[in-house]
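**Student:** no sequence on this one, just coordinates:
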Ligand code: MN
Ligand code: MN
């Protein structure tokens, strides 16, 4: 059984992501594991309201109410994928370099075992070490990036090169993202300067604003991304502030005029068939949330990401090799 029953969940009193089996690392993942969900309780990269370090705890709690059967894809996501909760990545929360190296090691280890990693942040700075591990394993990847912000800011703003406004800058400069394969959805203004989008534009990034998502429809936007990424390895980086603050108030740098929950969910569903090699879901800040609105949409968006990975798993799998 891939998920605990509701009764087991109540009886157990602990809440792994989606009531999945929980694996305390560094214990090895069970043979046949298809995905590992890791909490990354770090918000030392936030520039405004902190608190995203508590995101994994909130998303775990509310994700207990997400059921496994995908009614659109017609798929038992957790049965097919065999996902586990790998706990939180552990680090001293005031040592940014240690945080990055722990994340890169954890993501790299999952990839070496053929397991798709899903990170639940934490602030968006955690995407950089994840992308470093992705590129080391797969080579440069396509990136689908949902966000209000470009996240290609430079050190001139805060006098520090690495924070939650910069992961895509470093990913581009370090060659982790394929040219022409950065797809940024939900981006909106106002900007700090007219040149804010230049770094991405020079790398062939495609930017789709919330107005364009509303005009074209999320299915059409997703379809055009699917066409452009083909069978390339795709990393999905989802900053919850891509959504409008009406739908995701619990985040540190909210920007009005964003995606609706329905648009964001439809967009992810529309990506069915892509070769998803990893995902992060970041910037959930429970202290600013109301009635778990942001927590719930985050859990459901994470579920949609897991469904994308599950869709790539053959219905009948050969017996898995033993893991070390
Ligand atoms: Mn953002
Ligand atoms: Mn971001």
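**Tutor:** Alright, I've got the coordinates. Everything numeric here is computed off the predicted structure, so don't read it as measured data. Numbers count the residues shown, from 1 in each chain. Ligands and ions are numbered 1, 2, ... in the order given.

**Student:** would you mind listing what in this protein touches ligand 2?
**Tutor:** Contact residues, the chain versus ligand 2 (Cβ under 5 Å from the ion): 124, 147, 151, 239. Where C-beta positions appear, they are placed from N, C-alpha and C, glycine not excepted.

**Student:** apply 8 Å and report the result again.
**Tutor:** Residues of the chain that fall close to ligand 2, judged by Cβ under 8 Å from the ion: 123-124, 127, 145, 147-149, 151, 164-165, 167, 237, 239, 241, 253, 282-283.

**Student:** in the stretch 1-150 of the chain, what residue comes closest to ligand 1?
**Tutor:** residue 149 (3.9 Å; Cβ to the ion).

**Student:** what about the residues of the chain next to ligand 2, which are in strands?
**Tutor:** Mapping the residues of the chain next to ligand 2 onto strands (DSSP state E) picks out 145, 237, 239, 282.

**Student:** restrict the residues you listed to those near ligand 1?
**Tutor:** Among those, ligand 1 is touched by residue 239 when using Cβ under 8 Å from the ion.

**Student:** any idea which of the ones in strands among the residues of the chain next to ligand 2 is closest to residue 204?
**Tutor:** Comparing those against residue 204 with Cβ to Cβ places residue 145 closest, at 13.5 Å.

**Student:** neighbours around that closest one, how many?
**Tutor:** Using other Cβ atoms under 10 Å, residue 145 is surrounded by 29 other residues.

**Student:** now swap in residue 173 and tell me
**Tutor:** Neighbourhood size, residue 173 [other Cβ under 10 Å]: 15.

**Student:** okay, residue 320: pLDDT?
**Tutor:** pLDDT for residue 320: 61.

**Student:** now do residue 275
**Tutor:** pLDDT, read off for residue 275, is 98.

**Student:** residue 28 too?
**Tutor:** With respect to pLDDT, residue 28 scores 88.

**Student:** what stretches of the protein score poorly on pLDDT?
**Tutor:** 1, 317-324 (pLDDT under 70).

**Student:** quick one, helices of the chain?
**Tutor:** Secondary structure of the chain (DSSP state H): helices located at 6-12, 55-63, 77-81, 96-112, 127-138, 155-158, 167-173, 198-202, 210-216, 218-229, 261-269, 293-311.

**Student:** I'm done for today, thanks for sticking with me.
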